[in-house]
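J.: need a structure here:
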Amino acid sequence: MTSPRESLARNVIEGLPFCRALDMVVESAGPGTATLVLPWSSRIVGDPANSVLHGGVVTALLDSCGGAAVLLHPENGAPTATIDLRIDYMRSAIPGARIQATAEVYHVTSTVAFVRGLARDNDPSTPVAAATAAYTFAHVDATAFTPTSVPRADADVPEAAPGSQGDPEFPGVLARPDHAVDASGFDGIRTDWPYLDFMGITFDIHGNELTAVMKFHPKLIGNSALPALHGGATAGFLEAAAIIEISWERGLLSAGLPGKQPTTADAVRENGGSSLRLPKTIDFSVDYLRPGRAEDCFARARVIRSGRRYASVHVEAWQSRRDRLIAQATGHFLIPQPHG
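T.: Model prediction:
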């Protein structure tokens, strides 16, 4: 028999617009533990050369799985949000294979739940990625718990403002604001990297400065009650910004001329006619500073150090005000080596 907490976790996770957009489902659940699965899809491929899913998709799955585990903890009595999240990537996921994530709450305090998780595919010998994270937590008497103690993900969604544009697939959640900036500078990369298209990520170039833009879409929502962006969407946006910044700085996308709008054709020519090769994420750590609202996001990455094989990057994301960050991240990346 399914417990009230298990029913709640399934309703919440499978009701989140971002989880629905990625076709995530809860496979199993227990006290403080959860297993979620995500099918492979060409829409969320990060490397078109080999059909490998983008790392941001794995991050979103692990983040959602961790949140579900917190909801399933016997002493939890409130909605949860990610405080920080670290992902270590062991290897690329097998193209075409589904990803399965498991997470467990291994310690709680009066206000914080500590979670660890693993993502696997068809090869059980080595995980695709490992996660450690902290989530907000609020104690409650387990005997007093009811399915209404934590609201559904799609409950009490604010009505769209008069005259605003909604979305029929996600009723009640506003579509992106009309004041979004033009960020078409990287249309060539955006087209050839399916994950960027799926997320609505483009890049704006001013001189030699690169700004990533994630256009708001209702499918990016992870908390419909506020509404607020899903932590996995924010993390994937930051990771994509870091990868493109490294590629831009090292001339992997173009000849490196400030203001040039590079395309994948440029990259292929400069790479000796072979397919575009992007940096690979080794690890990525995200600090969530405040909820991301239902509007466009911006990010800038700074390469802290870049050697022959490895690069360290810091990324910051904001919305209406540059001085009010919604998240920041640091990551280490493996630099693709020249052929031959």
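J.: now the helices: where do they sit in the stretch 51-200 of the chain?
T.: Using DSSP state H, counting those that start in this stretch, the helices of the stretch 51-200 of the chain run over 55-71, 187-192, 194-199.
J.: and whichever helix or strand comes after the last one, what's its mean pLDDT?
T.: If I follow you right, that is helix 194-199. Proceeding C-terminally, helix 194-199 gives way to strand 201-206 as the next helix or strand, assigned by DSSP states H and E. Mean per-residue pLDDT for strand 201-206: 89.
J.: same deal with stretch 4-16?
T.: Mean predicted lDDT for stretch 4-16 stands at 83.
J.: ditto for stretch 304-315
T.: Here the average pLDDT along stretch 304-315 is 95.
J.: straight-line length of that stretch, end to end?
T.: 10 Å (C-alpha to C-alpha, to the nearest Å).
J.: buried residues in that stretch?
T.: 306, 311-315 (16 or more other C-beta atoms under 10 Å). Every C-beta, even on glycine, is put in place using the N, C-alpha and C of the backbone.
J.: rank the helices of the stretch 51-200 of the chain by pLDDT, which is bottom?
T.: Minimum mean pLDDT among the helices of the stretch 51-200 of the chain: helix 187-192, a mean of 50.
J.: quick check: residue 106 touching residue 117?
T.: No: taking C-beta atoms under 8 Å as the definition, residue 106 is not a contact partner of residue 117, at 10.3 Å.
J.: which of these two has more neighbours?
T.: Set side by side, residue 106 and residue 117 show more neighbours around residue 117, with 27 against 13, by other C-beta atoms under 10 Å.
J.: how is the protein carved up into domains?
T.: 4-144, 187-334 (automatic domain parsing).
J.: can you flag the weakest of those domains by average pLDDT?
T.: Taking the mean pLDDT of those, domain 187-334 comes last: a mean of 84.
J.: centre of the chain to that domain, how far?
T.: Remark: domain 187-334 is offset 11 Å from the chain centroid, using C-alpha atoms, centre = their mean, to the nearest Å.
J.: which residues in the stretch 51-200 of the chain form strands?
T.: For the stretch 51-200 of the chain, the strands defined by DSSP state E, counting those that start in this stretch cover 52-53, 82-89, 99-108, 112-120, 129-136.
J.: ok and the second one relative to strand 129-136, angle-wise?
T.: So that's strand 82-89. Between strand 82-89 and strand 129-136, the angle comes out at 170 degrees (axes from the mean of the first three to the mean of the last three C-alpha atoms, to 10 degrees).
J.: which outside residues touch strand 82-89?
T.: 55, 58-59, 62-63, 66-67, 112, 128-136, 231, 235, 280-288 (C-beta atoms under 8 Å, 6 or more residues apart in numbering).
J.: what's the answer for the shortest one, then?
T.: Taking contacts as C-beta under 8 Å, 6+ apart, the residues outside strand 52-53 that touch it are 40, 44-46, 92-93, 95, 99, 195.
J.: the same query, at a cut-off of 7 Å, please.
T.: Applying C-beta atoms under 7 Å, 6 or more residues apart in numbering, the contact partners of strand 52-53 are 40, 44-46, 92-93, 95.
J.: ok, now which ones touch the residue nearest to residue 217 when sequence neighbours are not counted?
T.: Nearest residue to residue 217, sequence neighbours excluded (C-beta to C-beta, 6 or more residues apart in numbering): residue 200, at 5.5 Å. Residue 200 makes contacts with 214-215, 217, as judged by C-beta under 7 Å, 6+ apart.
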